[in-house]
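> Below are the sequence and a predicted model; questions follow.
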Amino acid sequence: ETEWAYRISPSCFFDTPSSNPCSLSPYPQYPNTAPVVASIKTTLNDTGQVSLTTSRNPSTSVLAYDSYGNRTDSWHYDYGSGTPGSLLKRIHTDFVTDVAYLGRALRSLPSTTWVSSDSAGSSIVSRTNFEYDNYEPDSNHEELTSRSSVTGHDSTNFGTFLAARGNVTGITSYTNAAAQTGAITAYSQYDILGNVVKTIDARGKATIISYSDNYGAPDNDATTTSTPSQISGLSTFAFPTSTTNPLSWTAYVQYDYFTGMPVNTQDVNGMKSKMLSVDDPLDRPTQTVVALTTDNETQTTIAYDDDSDRQVIVTSDLNTLGDNLLKSVSLYDGLGRTKETRTYEADGNYRAVQTEFDAFGRAYKTSNPLSFK
């Protein structure tokens, strides 16, 4: 059960929609009677137990939203018999208020969030601080990576000089949240397109991510790009195409330009795979082949029956490449829920697990494996 409140200004809330319940001039950040969530009550039908998450301060009953519609506090109560139980925690969030961000409509960037075991926030057990757009070079930060000749990007107005982007460049947590000691920070570095090009974890281990275009068709080559004629002379930097871990091992991914689906991969051990979509009207994967050009090469084929049966049939290799002796089938209802899974034997017999759903869409009955001939 969700309780809504309707807002005309930062300090004016009303329980039902009204054009101006507090007789105030409309607040510029809000349309009249902007709805916000006041509380969410959950009741268990079988036991009658009730839990509550609320944005109302239990001491003042004032809703905890800032002037930009961000919820700053929520109080979470345990299950109780007929009514909510005891307080579990309070979650508080401060948001960035720098005009450089507000002027760019970046009004919901959290700067600090903490969790307290008491209502007043006196017993903080967890705290996280967020750093944004620090592009001053040091051991953990770097300038924005420039990109040129990018299709669809205005580099003139959105180049390296633009700092207020809302990119999280540091996340800090604490071993002692109350005292804010024992800081542990993870860092991220970006290019001018908003792509994360490098991460540094809390132990100082760096991972490098490349977005250099790598397009192609399913084959056994995940590193040689074929530039589509549609972007001749330009680049997209749209997908992460290689990742180098802290041990300097690199994995590669190649994509289909038109669908954005991965078509070839190569892991850090040099093992290659390819993914195909053949004659499927929804461009879903129809086959994967792993360990290409090795003695361990195997494939999996996926077939889709979108008619009344709504089945996905998966076959894969058991003894030799392409034998398709392993078979499983998933059946779905009209809402896309899995109602039955089947695992087949070589003689065509299969074992099935069936699931039934109640009127609320919840799975309430699952069978043991049933044998069918």
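Okay, I see it.
> Let me see the ranges of the strands in the stretch 51-200 of the chain.
Under the criterion DSSP state E, counting those that start in this stretch, the stretch 51-200 of the chain contains strands at 73-81, 87-95, 110-116, 124-132, 168-176, 181-190, 196-200.
> Now render those as JSON lines, adding mean pLDDT.
Below are the strands of the stretch 51-200 of the chain laid out as JSON lines (pLDDT from 0 to 100):
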{"stretch": "strand 73-81", "mean pLDDT": "98"}
{"stretch": "strand 87-95", "mean pLDDT": "98"}
{"stretch": "strand 110-116", "mean pLDDT": "98"}
{"stretch": "strand 124-132", "mean pLDDT": "98"}
{"stretch": "strand 168-176", "mean pLDDT": "98"}
{"stretch": "strand 181-190", "mean pLDDT": "98"}
{"stretch": "strand 196-200", "mean pLDDT": "98"}
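> so can I have TSV of the ones you listed showing mean neighbour count and distance to P228?
The C-beta positions use only the backbone N, C-alpha and C, and glycine is treated the same way. As requested, those are arranged in TSV below (neighbours: other CB atoms under 10 Å; distance: least, CB to CB, whole Å):
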stretch	mean neighbour count	distance to P228
strand 73-81	17	48
strand 87-95	18	41
strand 110-116	17	39
strand 124-132	17	35
strand 168-176	16	32
strand 181-190	16	26
strand 196-200	17	23
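> For D305, name its beta-bridge partners.
Note on D305: beta-bridge partners Q311, judged by DSSP bridges.
> Show me the shaky parts of the chain.
The model of the chain has pLDDT under 70 over residues 7-34.
> what's the closest non-adjacent residue to P218?
K274 (4.2 Å; CB to CB, 6 or more residues apart in numbering).
> what about the one you found, which SS state?
In the three-state summary, K274 is assigned as strand, counting by DSSP: H, G, I helix; E, B strand; the rest coil.
> Verify the contact between it and L292 for me.
Yes: with contact defined as CB atoms under 8 Å, K274 counts as touching L292 (6.4 Å).
> Now do the shared contacts for the two.
Shared between the contact lists of K274 and L292 (criterion: CB atoms under 8 Å, 6 or more residues apart in numbering) are residues N220.
> Just the helices from the stretch 251-373 of the chain, written as ranges.
Per DSSP state H, counting those that start in this stretch, the stretch 251-373 of the chain has no helices. Nothing in it meets that criterion.
> all strands of it, in order?
Going by DSSP E, counting those that start in this stretch, the stretch 251-373 of the chain shows strands at 262-266, 272-276, 287-290, 298-305, 311-316, 326-332, 338-344, 350-357, 363-366, 370-372.
> And D347, how far from L325?
When distance is defined by CB to CB, to the nearest Å, D347 is 11 Å away from L325.
> More neighbours: these two, which one.
A direct count of neighbours by other CB atoms under 10 Å for D347 and L325 places L325 higher, at 14 against 7.
> need the contact list for that one.
Contacts were defined as CB under 8 Å, 6+ apart; by that measure L325 touches 315, 317-319, 346.
> excluding its backbone neighbours, what's nearest R165?
Here the residue nearest R165, using CB to CB, 6+ apart, is D133, at 5.6 Å.
> T199 too?
Nearest non-adjacent residue to T199, counting by CB to CB, 6+ apart: T207, 4.9 Å away.
> secondary structure element for the one you found?
When elements are assigned from DSSP states H and E, T207 belongs to strand 206-210.
> Show me what that strand is packed up against.
Counting contacts by 3 or more CB pairs under 8 Å, 6 or more residues apart in numbering; DSSP states H and E, the secondary-structure elements packed against strand 206-210 are strand 196-200, strand 242-244.
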